[in-house]
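Visitor: Could you work out the structure for the sequence below:
(2 chains)
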Amino acid sequence: MSAANTSAVSAVDGSLLAVARDLGKSYPKVFRPRDRLRALGKLLVGIDNIDSVPVLSGVNLEVVRGESLGLIGENGAGKSTLLKLLTGVLTPTKGSVEVRGRVGALLELGAGFHPEYTGRDNISMSAALYGLGADELREKLPEIIAFADIGRYIDEPVKHYSSGMVVRLGFAIVAALRPDLLITDEVLAVGDESFQKKCVRWMEDYLADGGTLILVSHSMYHIQKLCRHALWLRQGEVAAAGDVFDVTQAYLAYHERKLAGTPDRGAIAAQGIEFHLVGFDVNGVDQETPVFLNQGDTLRLRARVRSRDGRVPTVAFGITRADGTAVYGVSSEMDGVAPYLDSADTFVGEIVFDDLALLPGAYTIKAHPMDTEGVRLFDTLERGIVVRGSTREFGLVRLHHRWGEASERLLRQNMAASASSDSP
Amino acid sequence: MAVSELADGRNVEHGSSWNAPKARGRRGALTAMLALTAHFIRRELRNRYLGSISGGLWALLQPLIQLAIYSFVWTYVFKMRLPGDEGSSPAAIVPFLALGVWPWNAFSEAVMRSATSIQDNAGLIGKVAFPRGVLVFAASSASFLLHAFGFVVVIIVIELLGIPVRLAMLPLALAVFAMLFMLALGFGYLFAAVQVFVRDLSQVLGQVLPLMMFTAPVLYAREFLPERFRSLLDWNPFTFYPEYLRAELLGIGTVGIGAQLMALALAIVMCAVGYAVFRRLNPRFEDFL
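Guide: Numbers count the residues shown, from 1 in each chain, chains lettered A, B, ... in the order given. Purely as a prediction, here's the structure:
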């Protein structure tokens, strides 16, 4: 997913392969046979507003030729639905999707294979399903059989195949199709070592030849290895999209926070505790999705606390690594300052970290309201941030440092030596 | 415009895809469609004989056995005689029956199989994008191919047995089968689409089709009915087919030009209406399967 900024360029050079605009899909709510009958009646007379549950909404996507896009998200986030919309298996309920080229999808083991038929028969059936004519099939059959490399099994019914052989056959067919857009997932992991290598080699060649890939995976390793961009779907909506490292880190950070378990906001507000958080923004953004910033940027945290009795709260902020390791924590009480009154009962505590010392990585920022004395802690809100950078330093933060004089002299000598050897 | 240029430039060497029909032009898309249809028809035919030892031989044996059974029952058990020809040999009833039973078998089987063709292939539809109408077309085609073949075999056997049939009219009979195919296909498209939403349809069809058979002159002649019921047969869309075939191949009765045109119009309209309904419901199949 090359986000909106590249879209203008790609639209001009005509290399846009797949475009989705405000794409949405809803499944009809059908519990009783009567619902089905009513839906049928409505569709027949041309009414399209069937009572339905949205599973995907507002997805904008642009895939440029030669791009590799990773699709991540939890189970039920709408990944499969999005893929089915892209392959044309599903028809969108809202918005539009267009793919300008041949799509090869390798998503399920032996999708479209008939277990009673031989591998050879299934090859010709799949080829026909993908829209290949009889001549083309004749031309490609030897290539497919050679690639699948399953020996005499090619003439045995597919029901006798091992899952690895099914994948080999499926992959061989898709490979022979030379799709403009290949959509796949970890299904390839079923094959044995040598076949996996063959597949990866084929995919690398495919990508090198300008092929376009959409990979669905729960393995961030695979996504980062094969994709340049990533799209994170959450509850049917795009949670983040862009550079693969940014998105995968944000996704992992989200999972860390989710595992840590944050209590329900509504319940806290209803409890009527002395102090509770009503807002927490990071660099002006108050949302669950992580905020991206570069090493050395300014980090501005702002927590809004509602005080039940109008007493002035203490506001504490903490930074932890995504894995929970504490990095730094400080409160207004420690520094001898107080949050300011924003409205009748709401106080605002704001803290600014200039020249942020955090090293690149994903971090969790926490805000807590405490009582005036800074003793009791009442509430917690968390936000994710991702610090980007390309430093080779280790650890969590850059500590102020300088090298001793001897080392500096040595460095200067080395530089001088290399300069003189370059130009004798 | 940009799209077609792009597609033309990139895809021609790779051939077609349902997503990029523009890539290879109308003819290429047609070739691909034909290849797919042929595959589904072959699969339909093979599925029926899959695992049977004699395989395709059944296609030949089945109509002959069926003919033998009908001949025996109608000649010796029911002792039915042709209308206005009570003195003829008992075997004369055999071609009369054959011209009713084979078109009916083709029609009813095509409608039944087409009606469930989308539901039966739900797995495929949910995984691969392809023109789904092909499934219905293949189900109807397979039934008609089988029974038209059986029909030709039976007619030839009847001729060989010495019962006179106008063999020269056989091509016309096949043209009538093609017309019947259109009618069946129309019902097939309609029912296949509705079956996705209303699962009871195939059960209902199982009851309604025999009713349709017995209210058409498949196993009897119009003249066997009391006078006041005879014109009611014209309301059954199938009535035309056995009557016309008998008139042309056996010289039994006549069918007016009006009835012929009416039947042709009905076949065309049914085909168009069925396909229109199918097309309208098609985008939502996945949601209800």
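Visitor: ok, now which ones touch residue B:286?
Guide: Counting by C-beta atoms under 8 Å, 6 or more residues apart in numbering or on different chains, residue B:286 touches A:84, A:89-91, B:125-126. Just so you know, the C-beta spots here come from the backbone N, C-alpha and C atoms, and that holds for glycine as well.
Visitor: Let's see the pLDDT reported for residue 190.
Guide: Here I'm looking at chain A. pLDDT for residue A:190: 62.
Visitor: I was after chain B.
Guide: 95.
Visitor: where along chain A do the helices fall?
Guide: Ranges of helices in chain A, per DSSP state H, are A:4-13, A:33-44, A:79-87, A:119-129, A:134-148, A:163-177, A:193-208, A:220-226, A:244-260, A:265-271, A:405-422.
Visitor: can you redo the ones you listed as CSV with mean pLDDT?
Guide: Putting the helices of chain A into CSV (pLDDT from 0 to 100) gives the following:
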stretch, mean pLDDT
helix A:4-13, 40
helix A:33-44, 81
helix A:79-87, 87
helix A:119-129, 87
helix A:134-148, 86
helix A:163-177, 84
helix A:193-208, 79
helix A:220-226, 77
helix A:244-260, 79
helix A:265-271, 58
helix A:405-422, 73
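Visitor: Dump these to JSON lines, plus distance to residue A:374 and mean neighbour count.
Guide: What follows is those, written out as JSON lines (distance: least, C-beta to C-beta, whole Å; neighbours: other C-beta atoms under 10 Å in any protein chain shown):
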{"stretch": "helix A:4-13", "distance to residue A:374": "45", "mean neighbour count": "12"}
{"stretch": "helix A:33-44", "distance to residue A:374": "58", "mean neighbour count": "16"}
{"stretch": "helix A:79-87", "distance to residue A:374": "45", "mean neighbour count": "23"}
{"stretch": "helix A:119-129", "distance to residue A:374": "68", "mean neighbour count": "23"}
{"stretch": "helix A:134-148", "distance to residue A:374": "68", "mean neighbour count": "17"}
{"stretch": "helix A:163-177", "distance to residue A:374": "60", "mean neighbour count": "23"}
{"stretch": "helix A:193-208", "distance to residue A:374": "56", "mean neighbour count": "14"}
{"stretch": "helix A:220-226", "distance to residue A:374": "39", "mean neighbour count": "17"}
{"stretch": "helix A:244-260", "distance to residue A:374": "23", "mean neighbour count": "19"}
{"stretch": "helix A:265-271", "distance to residue A:374": "20", "mean neighbour count": "12"}
{"stretch": "helix A:405-422", "distance to residue A:374": "43", "mean neighbour count": "10"}
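Visitor: Using JSON lines, lay out those together with distance to chain B.
Guide: Formatted as JSON lines, the helices of chain A follow (distance: least, C-beta to the nearest C-beta, whole Å):
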{"stretch": "helix A:4-13", "distance to chain B": "9"}
{"stretch": "helix A:33-44", "distance to chain B": "4"}
{"stretch": "helix A:79-87", "distance to chain B": "5"}
{"stretch": "helix A:119-129", "distance to chain B": "4"}
{"stretch": "helix A:134-148", "distance to chain B": "5"}
{"stretch": "helix A:163-177", "distance to chain B": "7"}
{"stretch": "helix A:193-208", "distance to chain B": "13"}
{"stretch": "helix A:220-226", "distance to chain B": "22"}
{"stretch": "helix A:244-260", "distance to chain B": "26"}
{"stretch": "helix A:265-271", "distance to chain B": "33"}
{"stretch": "helix A:405-422", "distance to chain B": "47"}
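Visitor: Just name the closest of the contacts of residue B:286 to residue A:151, please.
Guide: Using C-beta to C-beta, residue B:126 comes nearest to residue A:151 of the contacts of residue B:286, at 31.4 Å.
Visitor: thought that closest one was touching residue B:289?
Guide: Yes - using C-beta atoms under 8 Å, residue B:126 makes contact with residue B:289 at a distance of 6.6 Å.
Visitor: what does the domain assignment say about the chain?
Guide: This is for chain A. A:4-251, A:262-388 (automatic domain parsing).
Visitor: ah, I was thinking of chain B
Guide: Split by automatic domain parsing, chain B gives B:1-51, B:73-288.
Visitor: sorry, back to before: and of the helices of chain A, who's closest to residue A:362?
Guide: So among the helices of chain A, helix A:244-260 is nearest, using C-beta to C-beta, at 4.0 Å.
Visitor: any idea how far the closest one is from the chain center?
Guide: Mean-position distance between helix A:244-260 and its chain equals 9 Å (C-alpha atoms, centre = their mean, to the nearest Å).
Visitor: Show me what that helix packs onto, helices and strands only.
Guide: Counting contacts by 3 or more C-beta pairs under 8 Å, 6 or more residues apart in numbering or on different chains; DSSP states H and E, helix A:244-260 packs against strand A:68-73, helix A:220-226, strand A:229-234, strand A:237-243, strand A:361-370, strand A:381-388.
Visitor: Contacts for it next, please.
Guide: Against helix A:244-260 from outside (C-beta under 8 Å, 6+ apart): A:70, A:72-73, A:220, A:223-224, A:227-232, A:234, A:239-241, A:288-290, A:292, A:322-324, A:361-364, A:382, A:384, A:386, A:388.
Visitor: Now that we have the residues you listed, which of them are buried?
Guide: The neighbour-count test (16 or more other C-beta atoms under 10 Å in any protein chain shown) marks A:70, A:72-73, A:220, A:223-224, A:227-232, A:234, A:239-241, A:289-290, A:292, A:322, A:361-364, A:382, A:384, A:386 as buried among the contacts of helix A:244-260.
Visitor: Do I have it right that residue B:209 meets residue B:111?
Guide: Yes - here residue B:209 reaches residue B:111: they are 6.8 Å apart, a contact under C-beta under 8 Å.
Visitor: tell me which residues in stretch A:369-380 are buried?
Guide: Neighbour count says stretch A:369-380 has A:369-371, A:378-380 buried, by 16+ other C-beta under 10 Å.
Visitor: With stretch B:196-203 instead?
Guide: B:196-198, B:201-202.
Visitor: ok, back up a step: quick one: which two of the buried residues of stretch A:369-380 are the most distant?
Guide: A:371 and A:380 (14.8 Å).
Visitor: Where does the prediction get shaky in chain B?
Guide: Residue ranges of chain B with pLDDT under 70: B:1-27, B:50-56, B:83-88, B:90.
Visitor: That one: helices as residue ranges?
Guide: Going by DSSP H, chain B shows helices at B:2-11, B:25-49, B:57-72, B:93-115, B:117-120, B:122-125, B:133-160, B:170-197, B:201-214, B:227-230, B:240-250, B:257-281, B:285-288.
Visitor: Reformat these as a markdown table; add distance to residue A:355.
Guide: What follows is the helices of chain B, written out as a markdown table (distance: least, C-beta to C-beta, whole Å):
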| stretch | distance to residue A:355 |
| --- | --- |
| helix B:2-11 | 48 |
| helix B:25-49 | 62 |
| helix B:57-72 | 84 |
| helix B:93-115 | 73 |
| helix B:117-120 | 65 |
| helix B:122-125 | 58 |
| helix B:133-160 | 66 |
| helix B:170-197 | 63 |
| helix B:201-214 | 72 |
| helix B:227-230 | 100 |
| helix B:240-250 | 90 |
| helix B:257-281 | 63 |
| helix B:285-288 | 54 |
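Visitor: Now the residue in the stretch 301-424 of chain A that chain B sits nearest to: closest residue in space that isn't a chain neighbour?
Guide: Chain B sits closest to residue A:388 of the stretch 301-424 of chain A, with a gap of 34.6 Å, by C-beta to the nearest C-beta. Nearest non-adjacent residue to residue A:388, counting by C-beta to C-beta, 6 or more residues apart in numbering or on different chains: residue A:294, 5.2 Å away.
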